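[1] sequence-free structure coming up:
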């Protein structure tokens, strides 16, 4: 006689095996047969096998995608580009990142990429999303999903998997009407996930999963907000008008730059004049022979006057730069605010 533990394990095994049957997902024997026919290059027979596989009720999503891909491949091999393109469009609407499983001739690859371009241009990817719950509810009373994009009108029903009491799961199918399906529930918190089904109960898309379900809770009440905010009760900070100190700072800094540049120019001229005098040729007695006395006096006078002017300009540049920096600090923004204790001045250094 079998032990209770072995009976429990056997029951669990049968439950796992029969769960897909309960949800409408059954093994599809036609798909492996179609693959064998395709490998044998018997394309017409493979096409009929794929049609039979597609017509079977309850295909899971992976099986459906494989059928659609092979339908496109077989139609292309049979020189039916329009049919191949239609199958690939359906495939890529459901799985836009799908790639062909194999290396095929251009007559297969071309309609595939044409279908991919169509899906991209039309933004035709089928999506399934949850509808936010109504505000003000104290418990979860209904769940809704919608398909904002379904260009090929593939969706027919939605299968909801629900856990309202935290222990057992149940499933309920609801028709898709105007792109939306709903189901009534009751509980403070509901765990759930859904499958979008076509007319043959094949799984087109899912939202959540059995291992990672969604959780629905009633929306939180709006946070309490006082009638008058702090900003309304307290007079707004007022910025002091733009200070003329900043404008004076700009002027002084501009004068400092100009004076410094002019001082550098005259200092360079003084150095060149002094170099002409000191570099003049002299004879054996040490007398200057490269310049006349008048030229030497003129160069010396030019060097002295340019040096004097350069020193004055450098002094002006330093003084105006110092003044400009001072004016800039004095012109920093100041904010004035009224408080119960008096008037507060707030400012910041640049």
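    Sure, I can see it. Values in this document were obtained by computation on a predicted structure and should not be read as measured data.

[2] so for the nearest residue to residue 263 once chain neighbours are set aside, what's the pLDDT?
    Spatial nearest neighbour of residue 263, excluding adjacent residues (C-beta to C-beta, 6 or more residues apart in numbering): residue 313 at 3.3 Å. For glycine as for every other residue, the C-beta is placed from the backbone atoms N, C-alpha and C. On the pLDDT scale, residue 313 is placed at 73.

[3] with residue 196 instead?
    96.

[4] what do you get for residue 281?
    For residue 281, pLDDT reads 66.

[5] likewise for residue 292?
    69.

[6] got the confidence number for residue 47?
    96.

[7] just to check, it is in contact with residue 77?
    No: Residue 47 sits out of contact with residue 77 when judged by C-beta atoms under 8 Å, with a separation of 9.1 Å.

[8] run through who's touching the host helix or strand of residue 109.
    For residue 109, the host element (DSSP states H and E) is helix 106-122. Identification of contacts with helix 106-122 by C-beta atoms under 8 Å, 6 or more residues apart in numbering yields 72-73, 76-77, 79, 81, 84-85, 88-89, 91-93, 96, 100, 124-125, 151.

[9] apply 7 Å and report the result again.
    72-73, 76-77, 81, 84-85, 88-89, 92-93, 96, 100, 125, 151 (C-beta atoms under 7 Å, 6 or more residues apart in numbering).

[10] please point out which parts of that helix sit buried.
    By 16 or more other C-beta atoms under 10 Å, the buried positions in helix 106-122 come out as 108, 111-112, 115-116, 118-119.

[11] give the partner strands of the helix or strand hosting residue 142 in its sheet and their orientations.
    Using DSSP H and E, residue 142 sits within strand 140-146. Strand 140-146 has its sheet partners listed here by DSSP bridges as strand 129-130 (antiparallel), strand 180-187 (antiparallel).

[12] from residue 93, how far out is the spatially most central residue of the chain?
    Nearest residue to the geometric centre of the chain (C-alpha atoms, centre = their mean): residue 123, 17.9 Å. Distance, residue 123 to residue 93, using C-beta to C-beta, to the nearest Å: 11 Å.

[13] re earlier: so what's the residue nearest to the centre of the chain up against?
    Residues in contact with residue 123 (C-beta under 7 Å, 6+ apart) are residue 149.

[14] kindly list the main-chain dihedrals of it?
    Torsion angles at residue 123 (phi, psi; degrees, to the nearest 10) stand at phi 50, psi 50.

[15] distance of it relative to residue 85?
    For residue 123 relative to residue 85 (C-beta to C-beta), the value is 18 Å.

[16] assign residue 48 to helix, strand or coil.
    helix (DSSP: H, G, I helix; E, B strand; the rest coil).

[17] could you measure from it over to residue 77?
    On the measure of C-beta to C-beta, residue 48 and residue 77 end up 14 Å apart.

[18] quick one, which of the two is more surrounded?
    Using other C-beta atoms under 10 Å, the more surrounded residue of residue 48 and residue 77 is residue 77, with 19 against 16.

[19] so that one makes contact with residue 43?
    Yes: with contact defined as C-beta atoms under 7 Å, residue 77 reaches residue 43; the gap is 4.9 Å.

[20] residue 131 reaches residue 146, doesn't it?
    Yes: here residue 131 reaches residue 146: they are 5.6 Å apart, a contact under C-beta under 7 Å.

[21] which one's more surrounded, those two?
    Neighbour count, other C-beta under 10 Å: between residue 131 and residue 146, residue 146 has more, with 19 against 13.

[22] which strand residues bridge the more buried one?
    Going by DSSP bridges, residue 146 forms beta bridges with residue 129, residue 180.

[23] which ones are touching it?
    Residue 146 neighbours (C-beta under 7 Å, 6+ apart): 129, 131, 179-180.

[24] by neighbours, which of these wins?
    That'd be residue 180 among the contacts of residue 146, by other C-beta under 10 Å, with 15 neighbours.

[25] just give the closest residue to residue 47, not the sequence neighbours.
    Nearest one to residue 47, counting by C-beta to C-beta, 6+ apart, is residue 74 at 4.8 Å.

[26] distance check, that neighbour against residue 90.
    Residue 74 is 14 Å from residue 90, by C-beta to C-beta.

[27] swap in residue 53?
    Taking C-beta to C-beta, one finds residue 53 at 14 Å from residue 90.

[28] narrow the contacts of helix 106-122 to those that are buried.
    For those, buried by 16+ other C-beta under 10 Å: 72-73, 76-77, 81, 84-85, 88-89, 92-93, 125.

[29] got the contact list for stretch 74-83?
    Contacts for stretch 74-83 (C-beta under 7 Å, 6+ apart): 38, 43-44, 46-47, 50, 84, 87, 107-108, 111.
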